[in-house]
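Undergrad: Any chance you could fold what I've pasted below:
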Amino acid sequence: MHVYNKCKEQKGFTLIELMIAMMLGLIVIGGALSIYISTIKSSSDVVKSARLNYDLDSAMQLMVNDIRRAGYWGGAIAGSVASENPFGDTQIGKKTGEGDSSCILYNYDGDSSGSNTLDDQGDDLDLNEFYGFRHNGTGIDIRSSVADAANSGCDQGTWESIVDTNKVIVSELTFDDTSSQCLNVTTSTVYAVAGACPAVATAGFSVAGDQLVEVRQIDITLIGNVVNDAPVKKTLTATVKVRNNRIFTQL
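TA: Predicted coordinates for the structure are as follows:
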């Protein structure tokens with residue numbers, strides 16, 4: 001008796017079938033990678049935007065809170081003459097090489113010493129009471145002191161950066177005081193056009209000896225973006241109502 005082993009014929013995949021399978025696999029992998037990359041980029045944009053928001057919001061809040069203190073005088077007590085306040089002036093200018101109105105300078109009585117403590121210049125302002133903010137390159141600086149009172153412009157003094165320029169670029173910073181109002185107390189009139197008092201001195205609004213009151217408002221615009229990612233951009237605006245009016249006698 002003969003026994004035969006009957007083997008079933010086996011067939012493999014054809015080359016075309018293998019190529020189709022590989023193509024479908026690549027499509028699936030490519031789709032998965034695309035979703036992964038998109039998710040990573042979206043997460044990165046969210047992190048960058050959060051960092052930009054935090055840095056610019058913090059810088060703006062610092063500027064608003066400090067500028068609001070301009071003109072504070074510890075010597076403003078009963079019997080004092082308001083026009084003798086040495087901390088009243090506020091100036092808008094620029095650092096050399098920067099845009100117009102990108103720097104603000106002001107004073108206030110930081111130690112509440114009033115007029116009882118004189119500095120080595122013989123005036124009522126200590127050298128560490130000359131404050132300010134300025135746009136500097138891609139960042140924002142804050143001033144803490146000056147070497148002498150006679151040289152206290154936007155280029156002088158000790159300045160420190162308040163923005164991490166390795167992460168955030170400040171492309172624009174401007175200060176505008178054209179919304180301020182000038183009042184002539186002597187004649188009980190208000191200057192018809194908004195603006196700081198020095199701007200109206202030649203407009204026939206006041207004469208020598210008149211008492212003027214400057215109600216100050218500073219409008220701030222701040223624009224910045226993330227380093228190496230210009231589309232992640234933020235614009236902030238704020239209005240500062242200076243609490244202490246500037247009172248002086250027209251010369």
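Undergrad: What ranges does the stretch 151-251 of the chain have for its helices?
TA: Remark: helices of the stretch 151-251 of the chain are absent; assignment by DSSP state H, counting those that start in this stretch.
Undergrad: I figured Asp164 hits Leu56, correct?
TA: No: with contact defined as Cβ atoms under 8 Å, Asp164 and Leu56 do not form a contacting pair (11.3 Å). For every residue, glycine as well, the C-beta is placed using N, CA and C.
Undergrad: Between these two, which has more neighbouring residues?
TA: Leu56 (21 against 11; other Cβ atoms under 10 Å).
Undergrad: Pull the residues that contact the lengthiest strand in the chain.
TA: Longest strand in the chain, counting residues (DSSP state E): strand 229-241. Outside of strand 229-241, the residues within contact range by Cβ atoms under 8 Å, 6 or more residues apart in numbering are 45, 48-49, 52-53, 56-57, 60, 63-64, 67-68, 179, 216-226.
Undergrad: ditto for stretch 26-35
TA: Under Cβ under 8 Å, 6+ apart, the answer for stretch 26-35 is an empty list.
Undergrad: tell me the average confidence for that stretch?
TA: What stretch 26-35 shows for mean pLDDT is 82.
Undergrad: Wait, a helix at Glu17?
TA: Yes: read with DSSP: H, G, I helix; E, B strand; the rest coil, Glu17 is one of the residues of a helix.
Undergrad: For it, the count of nearby residues, please.
TA: Here the number of neighbours of Glu17 (other Cβ under 10 Å) works out to 10.
Undergrad: so what's it scoring on pLDDT?
TA: 77.
Undergrad: Show the contacting residues for it.
TA: Counted by Cβ under 8 Å, 6+ apart, Glu17 has zero contacts.
Undergrad: Next one: it from Met23, what distance?
TA: Here the criterion is Cβ to Cβ, to the nearest Å. By it, Glu17 lies 11 Å from Met23.
Undergrad: Make a PyMOL selection of whichever of the contacts of strand 229-241 turn out to be buried.
TA: Of the contacts of strand 229-241, the buried ones can be selected in PyMOL as follows, counting by 16 or more other Cβ atoms under 10 Å:
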select buried, resi 48+52+56+60+63+67+68+216+217+218+220+221+222+223+224+225+226
